[in-house]
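J.: sharing a model that was predicted from the sequence below.
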Amino acid sequence: MEKMHECPFQQGKIPQQQVIDEHGLLFPMILLPKESTEHCNSLQSFLHTIRNNRAWIDNQIKQVGALLFRGFSIKTAADFNVVVEAFGWEEQPYLGAASRTRIEGRVFTANEAPLHQPIKFHHEMSMFEYFPTKLVFFCEIAPPAGGQTPLLLSHKITERMEEIYPELVRKLEKEGLIYASILSEEDSPEDSITGWQSLYKTKDKEEAGRRASNSGLITSNVSWEGNNMLLQLGPLPCILEVDGDKKAWFNLLTFGDPEKPPLLGDGSEVPKEAIESCIQIAEEECVEVKWEVGDVIVIDNRFVMHARRPSKPPRRVLAAFCK
């Protein structure tokens, strides 16, 4: 652990923060300007501090999993884009089916699903061979009520599930999971899901199938039911060893429906009660972040899950994806 006096920021606190090691390291780590002055709070000062402390920042993300930068003068998508560039991480193309709009440079809207709908815990692009290792979020408009982003150290799910369902966890590690996914022909604005024509930029089924198979999805089969594309994904690795000491719960059991479980690699169903347990554990172990305007959160997507609580409008959170 880096010594506290070497931290280029002042450290703050939010409700629910978790102590994650014997040194008192907190998840997530809250980083504020060193001093409450116009100069220290400015965007240019923030960019200068990031560029001069990239190694320190990278080390903290690796240790803690999530950093929340608060109190800096970041106001627009353009501001956020230069912040993302300042971190120095290469862009990871977004390939998922959630509806997003590129706003500025590397900046996209976060999931455009209606604000009254929750988004369950997940690792971004966990079904893809190449997924972003870091996510960066920015709050341009804070919601008047709700809309928190819960963060979760997903290896905590693995640890607790090993205690309750040791044999299932062994199977998940060995065999992985098989998912079935259906993509409609047209976009679904009410659910903010992109249809296969928009996603693969073609109206030709055969070409769409080829593009799906070459998209980076871990796809074992593409078939058709009328105009719906049926994707069988997997078996996908679903417990990811990170840095030799964390077994991340790198799967969508927290996102799924217990009534429609995915299959284990051997073709058997994941027990309904096990899915319900991991969903409950996620809720018990998470830390909810209430957004403030100008907040920037960096997440290590390898071992930190995120979600979204329902909110009243307006709410505008932007996102960038990094290798």
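T.: Here it is on my side, so go on. This one's a predicted model, so the numbers in the text were calculated from it and none came from an experiment.

J.: what's the local residue count around His23?
T.: 11 (other Cβ atoms under 10 Å). (Glycine included, C-beta is placed from N, CA and C.)

J.: and it, how far is that from Gln63?
T.: Plainly put, His23 is 10 Å away from Gln63 if you go by Cβ to Cβ, to the nearest Å.

J.: contacting residues around Glu91?
T.: 106, 320-323 (Cβ atoms under 8 Å, 6 or more residues apart in numbering).

J.: is it in a bridge, and if so with what?
T.: For Glu91, the beta-bridge partners under DSSP bridges are Cys322.

J.: separation between it and Val304?
T.: Distance from Glu91 to Val304, by Cβ to Cβ: 19 Å.

J.: mind listing the helices for the stretch 201-323 of the chain?
T.: Using DSSP state H, counting those that start in this stretch, the helices of the stretch 201-323 of the chain run over 205-213, 272-285.

J.: next: the stretch 51-200 of the chain.
T.: 54-64, 77-87, 155-164, 166-175, 196-200.

J.: any regions of the stretch 1-150 of the chain where pLDDT drops low?
T.: 1-5 (pLDDT under 70).

J.: please repeat the previous calculation with a cut-off of 90.
T.: By pLDDT under 90, the low-scoring segments of the stretch 1-150 of the chain are 1-7, 23, 35-41, 95-99, 129.

J.: quick one: contacts for Thr76?
T.: Per Cβ under 8 Å, 6+ apart, neighbours of Thr76: Glu140.

J.: any idea how far it is from Ala320?
T.: Counting by Cβ to Cβ, the gap from Thr76 to Ala320 is 14 Å.

J.: related to what we said a few turns ago, CSV for the helices of the stretch 51-200 of the chain, including mean neighbour count?
T.: Listed next are those as CSV, based on neighbours: other Cβ atoms under 10 Å:
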stretch, mean neighbour count
helix 54-64, 16
helix 77-87, 19
helix 155-164, 19
helix 166-175, 16
helix 196-200, 20
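
J.: okay, now the nearest residue to Arg54 once chain neighbours are set aside: neighbour count?
T.: Among residues not flanking Arg54 along the chain, Gly88 sits closest, at 5.4 Å (Cβ to Cβ, 6 or more residues apart in numbering). Applying other Cβ under 10 Å, we find 12 residues neighbouring Gly88.

J.: how close does Gly88 sit to Val296?
T.: Taking Cβ to Cβ, one finds Gly88 at 15 Å from Val296.
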